[in-house]
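Enquirer: Here is a sequence with its predicted model. Questions after.
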Protein chains: 2
Amino acid sequence: MSWALIAVIISLLGFAVAGYLYKWVNSQPKGDEALEEIGLLIKRGADTFLKREYSVLAKFVVVVFVLILLFLPQPIWTNDEPLRNVLTAISYILGSVLSALAGKIGIKVATIANVKAAVAAKKGIAPAFSVGFRGGAVMGMAVVGTSLFGAGILFLLTKDPTVLLGFSFGASSLALFAKAGGGIYTKTADISADLVGKVELGIPEDDPRNPAVIADNVGDNVGDVAGMGADLFDSNIASITAAVVIGLSLGQHELVFCYGALGLLASIIGVLSSKIGKDKNPSKALNRGTYITTAAFAIITAVVSYAFKYSIRIWAATIVGLVVGVIIGITSDYFTSDDKRPVRNVAKASSMGPAFTILGGLCYGLLSSFPALIGIGVSALAAYKICEPLGPGYAMFGISMSAMGMLSIVGMIISNDAYGPIVDNSRGLAEMTGMGDEVLRITDELDSAGNTVKAVTKGFAIGAAGLTVIALLGAYQEIVESATGEFINFDIMSPVVFFGILAGLAIPAIFSAMLMLGVDRNAQRMVAEIHRQFSEIPGLKEGKPGVKPEYNKCIDIATIGALKELLPAGAVAILATLAVGFIGGIHAIGGFLAGNIMSGLLLALLMANAGGLWDNAKKYIEAGAFGGKGSDAHKAAVIGDTVGDPCKDTAGPSINTQITVVSLVSSLAAILFIRFSLFK
Amino acid sequence: MSWALIAVIISLLGFAVAGYLYKWVNSQPKGDEALEEIGLLIKRGADTFLKREYSVLAKFVVVVFVLILLFLPQPIWTNDEPLRNVLTAISYILGSVLSALAGKIGIKVATIANVKAAVAAKKGIAPAFSVGFRGGAVMGMAVVGTSLFGAGILFLLTKDPTVLLGFSFGASSLALFAKAGGGIYTKTADISADLVGKVELGIPEDDPRNPAVIADNVGDNVGDVAGMGADLFDSNIASITAAVVIGLSLGQHELVFCYGALGLLASIIGVLSSKIGKDKNPSKALNRGTYITTAAFAIITAVVSYAFKYSIRIWAATIVGLVVGVIIGITSDYFTSDDKRPVRNVAKASSMGPAFTILGGLCYGLLSSFPALIGIGVSALAAYKICEPLGPGYAMFGISMSAMGMLSIVGMIISNDAYGPIVDNSRGLAEMTGMGDEVLRITDELDSAGNTVKAVTKGFAIGAAGLTVIALLGAYQEIVESATGEFINFDIMSPVVFFGILAGLAIPAIFSAMLMLGVDRNAQRMVAEIHRQFSEIPGLKEGKPGVKPEYNKCIDIATIGALKELLPAGAVAILATLAVGFIGGIHAIGGFLAGNIMSGLLLALLMANAGGLWDNAKKYIEAGAFGGKGSDAHKAAVIGDTVGDPCKDTAGPSINTQITVVSLVSSLAAILFIRFSLFK
């Protein structure tokens, strides 16, 4: 029996678990009328955005479908096997649809679980935690299940790695736009709500008088739940694809599906055993789940590898990736946690004014790149050296398995990550409907655990993406070599490669700048709208009973702005890849991918960690340090947080996906580049 | 007659011109007593700092001298030609001493010309411009003269490229620390003076009541004059060295000295013909000088190449570098000039609060990397392709000559650049001694021209450093190949190279973060001191006649802080190179250098351009836009400027030097790495 088939079966088990958890969450007690009403507003806002976003993207997908059909992997009229074009194009559609579906499922459960968790918080922290976490876990199981299912089925049917590349490209191009769109939406609303509400008027977060408050809560769902799910969906598929492409020529592709299936199994074990302990500490509960999953994966794969006589070296390479992933997560925690020096120093410096908040965050963000970069480098080097003795080609396969290892526990990671916006929403709902101080306290604590874990998982996601794209670079090389029949390398000293590197360096910079400028422009529009409402709606500012802001106007601004801004940045990345490929050829693309990975990793780490640090410095001051809320230090820290928001939630995490998309486009179009490039 | 000898002779001509200009500046009318007194305070502060800085660095230089003597290019007890170690060590000392000397000369003339230019401003803008510019030109001629003189003499005496590498390393290691120290000094004083003076108390820049005002003016000299001079001194020598190392095996080293000598000649023509026109526009005068120099260099080299039958291809590669350098300068102007969209957009966004100022600047800074990176890539590719037909080895020589071309007009660039802090000081002196509105207006205009030109020259310096380090990478390869007798390459897909790349990426990030954290810490100390003086010295705040602040306390804080912070960051860069080399070997170093160049270019461009943009957005608002001085937009823009200051004047420009130092260490220690590395 093939492991690809077993992977499909285990992915069905994942769906079953997701279904069970979904039913469980849905069966929890309802809230009162006010709560359900606001919950519905959020749900509708999220559904509307998703619908409009997907209808924009559907057009894009159709255009790309036609292009793939005609040109990829080579022009259909010159292809001896035109069926490959058809299959690649269909699998592209499948990848996009499954990615959209994963986002849709996530939103669906998250907009139910947010209300239910708020209700459960009346009974205590343990039940509320369970609702929030299990809601997130539906997403985790669904995402990993669909990715494994899709990859497994396609491989069983076609055995063609190009088809998998098409599938992966579908998933990642959709993720690129979903993350960009969701990221712009969520930060537009978040920044605008904070700037006018917290800073100008001094009303609390989630105050129902604030016209942007519903948009803000919608944003948590479309940005953090749907966007993040699409991102990890895409990374997971990309790592499987890279490993299959490289492993196929070695006859090791079965092992890829084996480890993928066991990773989902380990995540199921971790998810089902996650419960808040007697210490009632939600952060610990989340971390415990991660450690259980990690240990379960290591043990199960060891046993299976032993039983089936798989190479211990490949197992070791996989585990190196897993361990390094956890270490990268822990080091990002150092730079963003409020009981460590960086956050405290920045909070202290904030008393001197916002310029020092910003400078401090930038500096620590730059420093934070070091452990992650070295970690990725060490795991790539170790995986390579461990697997090199197995024979030619195995070294690169080892790196791809190391990336698989890092992503093996992704089901658990997504569960943790999706938990965050759910309980964040619960907190908002509790505030907006006046559920009382005890519920607020509990949801606050749940929310803060979500933030801590988020910093760790973000470091993890960047590390995983880093290793995955190295593996994708290997896959690209493999494809070019098998197409040309020649060994190729990418010598830094070749001016074509060097030119590619320099061009590649610029792409993540341009891409992230375009996204952040999008947030910037959009937030300016929304702030103007909030000002208008406060000045034109009588009684709103004073909170006169019965007076409600026009929530929908803000939702509209966020939606329209996000839809307008999401295409250009992604298009620039894809078109630049094609331009470099058709001008500089396959060697320039090798350099381009390397340059892209480099500046992408650097900028993603800087943005994620500086952003997380600013966020927590603000929270640390709000908890009473350096004068607490309303002090000068607090004002400065709020400015830092506002700068950090689009860095950490819009640009930073989108960079991962951008790098993956560029890598996949290169692999898919490799044969075109070989045949039609200006330079050779 | 050898071109190296001619280069030495022309460098003597450069000295003669510098001497003539110095005498001319010195013979200009003196100021009144108050002016001379404050001028003396600035001069003394600068001299004291330089003396203390050099005495710290002297110890470092002695230690490195001994290390070179013992170990480089190989352990003296295993070297068949121990004299090479001795010569390399001596040339290292020579490089350091000449670099220090160039800084010293610059400070000497700048602290005279600042007073004289303020006096001349009473007669009008034309005479004041001449004094400021000719003061700067002394520095320009001295720097280029000494670098050409040193390189020429050493080459004539030894014909050994390793000796030149030692010389270049001496120049660049001193530059590294001088720029770091000067950069920390100047921004400590600038930020502190602004924060307390402009922001808190609302007193004008350069108000004599401000205790940090003298330190601020001293900072312009030690940071911008001495630091910048050391930087371009170092780039210039590095580009000559790289071209000689690569050209020697082709028998083309004479051409390097030829073009170097002609570059100085062109700069002399440009400097002597720079005069303010009838339009009384100082910016135009400065740019005209640059264009004249550029044209003169292109024409003279064409004529000489024709007369001596030198290859037209090498000439073309050189001119490509020159032209691209000018283009890069012009594009940085787009991102930092206040009549273009980026500055205006950020100024407009400032009305919404400082977070938008910061975000806007970061975004445009990221975007600004694109034209420069592509420009460097295109000129490297073009130079390579143009010279490739000349035979093996010529392609890389073409790149090194392209870097020479970009740096050929460096004499003129330095003159323009040193002009800036001189007239900035004049403005300060006019303000402090109450020389009247007309003088203030004139010095303001001169100062603003200095700022505009500075943005252009900074882009230019980064471009030149980029090409130079590519050439240095070629020099490193050449050295390794001639030592091992084998052809080597740096394949991105080799895990050792890739590991090197990732480690290299982190270094400029860590280095710049350490420098900026240094400024941050130091400024906090100085702000506290200024607060103390304003609260403890009676009558100071009110400006009671006869009450003076304790200027020296602030000067001391800036000095001590800068000296404390300057060594660690530079040491980290050098030690990391040695660690990577002794662990990963020559291949890892190849990757390390490439990674270093990449993140270095990206961060340097981001920091220089975002910083310049914030500075000019503030000035644009101060000139009356969006509410002018005192408006919310202005407050936000001041915060942006404060963040940008250490980016653009401390970290950003130091990164160039850091990359150069790392490249030179690698080349010098290449043979050690070959023999003693852990991995091969």
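Expert: Yep, that arrived.

Enquirer: Every contact and neighbour count from this point should use C-alpha atoms.
Expert: OK.

Enquirer: So, low pLDDT: which residues of chain A?
Expert: For chain A, applying pLDDT under 70 flags the ranges A:680.

Enquirer: Kindly list the longest helix within it.
Expert: The longest helix of chain A (DSSP state H) is helix A:551-622.

Enquirer: Show me what residue of the stretch 51-200 of chain A gets nearest to chain B.
Expert: As assessed by C-alpha to the nearest C-alpha, chain B sits closest to residue A:195 within the stretch 51-200 of chain A, at 8.7 Å.

Enquirer: Does chain B have contacts with the longest helix of chain A?
Expert: Yes - counting by C-alpha under 8 Å from any C-alpha of the partner chain, contacts between helix A:551-622 and chain B involve A:591, A:594, A:595, A:598, A:599, A:602.

Enquirer: Tell me, how many residues neighbour the first one?
Expert: What that stands for is residue A:591. The number of residues packed near residue A:591 is 30, by other C-alpha atoms under 10 Å in any protein chain shown.

Enquirer: ditto for the last one
Expert: With neighbours defined by other C-alpha under 10 Å, the count for residue A:602 comes to 28.

Enquirer: What sits closest to it if chain neighbours are left out?
Expert: Leaving aside its sequence neighbours, residue A:602 sits nearest to residue A:369 (C-alpha to C-alpha, 6 or more residues apart in numbering or on different chains; 6.2 Å).

Enquirer: dump the residue contacts of the closest residue to chain B within the stretch 501-650 of chain A.
Expert: Closest contact between the stretch 501-650 of chain A and chain B, by C-alpha to the nearest C-alpha, is at residue A:513 (4.4 Å). Residues near residue A:513 by C-alpha atoms under 8 Å, 6 or more residues apart in numbering or on different chains: A:651, B:362, B:363, B:364, B:366, B:367.

Enquirer: about what we covered before: separation between the residue of the stretch 51-200 of chain A closest to chain B and residue A:527?
Expert: 8 Å (C-alpha to C-alpha, to the nearest Å).

Enquirer: same question, residue A:79
Expert: Taking C-alpha to C-alpha as the measure, residue A:79 and residue A:527 are separated by 54 Å.

Enquirer: check contacts around the residue of the stretch 51-200 of chain A closest to chain B.
Expert: By C-alpha under 8 Å, 6+ apart, the residues touching residue A:195 are residue A:527.

Enquirer: repeat for residue A:209
Expert: So residue A:209 contacts A:540, A:541, A:543, A:548, A:549 (C-alpha under 8 Å, 6+ apart).

Enquirer: Give me the three-state assignment for the second one.
Expert: To tie it back to what came earlier, the one meant is residue A:541. coil (DSSP: H, G, I helix; E, B strand; the rest coil).

Enquirer: From what I see, it and residue A:533 are in contact.
Expert: No - if you go by C-alpha atoms under 8 Å, residue A:541 and residue A:533 don't touch, sitting 9.2 Å apart.

Enquirer: between residue A:79 and residue A:527, which one's more packed in?
Expert: A count of neighbours by other C-alpha under 10 Å puts residue A:527 above the other of residue A:79 and residue A:527, at 24 against 14.

Enquirer: So the residue of chain A most remote from its centre versus residue A:209, what's the distance?
Expert: Most distant residue from the mean C-alpha position of chain A: residue A:538, 41.7 Å away (C-alpha atoms, centre = their mean). Separation of residue A:538 from residue A:209 (C-alpha to C-alpha): 12 Å.

Enquirer: follow-up on the earlier one: need the three-state assignment for the residue farthest from the centre of chain A.
Expert: Residue A:538 ends up coil, using three-state DSSP.

Enquirer: coming back round to it: drop anything exposed from the contacts of residue A:513.
Expert: Of all the contacts of residue A:513 considered here, the ones buried according to neighbour count by 16 or more other C-alpha atoms under 10 Å in any protein chain shown are A:651, B:362, B:363, B:364, B:366, B:367.

Enquirer: Work out for me the element the second one sits within.
Expert: Element membership of residue B:362 [criterion: DSSP states H and E] is helix B:354-387.

Enquirer: which other helices and strands contact that helix?
Expert: Packing contacts for helix B:354-387, counted by 3 or more C-alpha pairs under 8 Å, 6 or more residues apart in numbering or on different chains; DSSP states H and E, involve helix A:495-536, helix A:632-646, helix B:312-336, helix B:341-349, helix B:394-407, helix B:437-484, helix B:551-622, helix B:632-646.

Enquirer: So which residues on the stretch 401-550 of chain A come close to chain B?
Expert: Residues of the stretch 401-550 of chain A lying near chain B (C-alpha under 8 Å from any C-alpha): A:474, A:489-493, A:495-496, A:498-500, A:502-503, A:505-507, A:509-510, A:512-514, A:516-517, A:520, A:524.

Enquirer: go with 6 Å
Expert: Contact residues (C-alpha under 6 Å from any C-alpha of the partner chain) of the stretch 401-550 of chain A with chain B: A:489, A:490, A:491, A:492, A:495, A:499, A:502, A:503, A:506, A:509, A:510, A:513.

Enquirer: Let me know how buried the fourth one is, in neighbour terms.
Expert: Neighbour count of residue A:492, defined by other C-alpha under 10 Å: 24.

Enquirer: Ok, residue A:80 next?
Expert: Counted with other C-alpha under 10 Å, the neighbours of residue A:80 add up to 10.

Enquirer: do the same with residue A:483
Expert: Residue A:483 has 12 neighbouring residues, counting by other C-alpha under 10 Å.

Enquirer: Spatially nearest residue to it, not counting backbone neighbours?
Expert: For residue A:483, ignoring the flanking residues on the chain, the nearest one in space by C-alpha to C-alpha, 6+ apart is residue A:671 at 7.0 Å.

Enquirer: Tell me the secondary structure of the one you found, please.
Expert: Classified using three-state DSSP, residue A:671 is helix.

Enquirer: Could you measure from it over to residue B:529?
Expert: From residue A:671 over to residue B:529 (counting by C-alpha to C-alpha), the distance is 66 Å.

Enquirer: if we can go back for a sec, pick the one among the residues of the stretch 401-550 of chain A next to chain B closest to residue B:300.
Expert: Nearest to residue B:300 among these is residue A:495, at 28.8 Å by C-alpha to C-alpha.

Enquirer: Go ahead and confirm that closest one touches residue B:381.
Expert: Yes - if you go by C-alpha atoms under 6 Å, residue A:495 and residue B:381 touch, sitting 5.3 Å apart.
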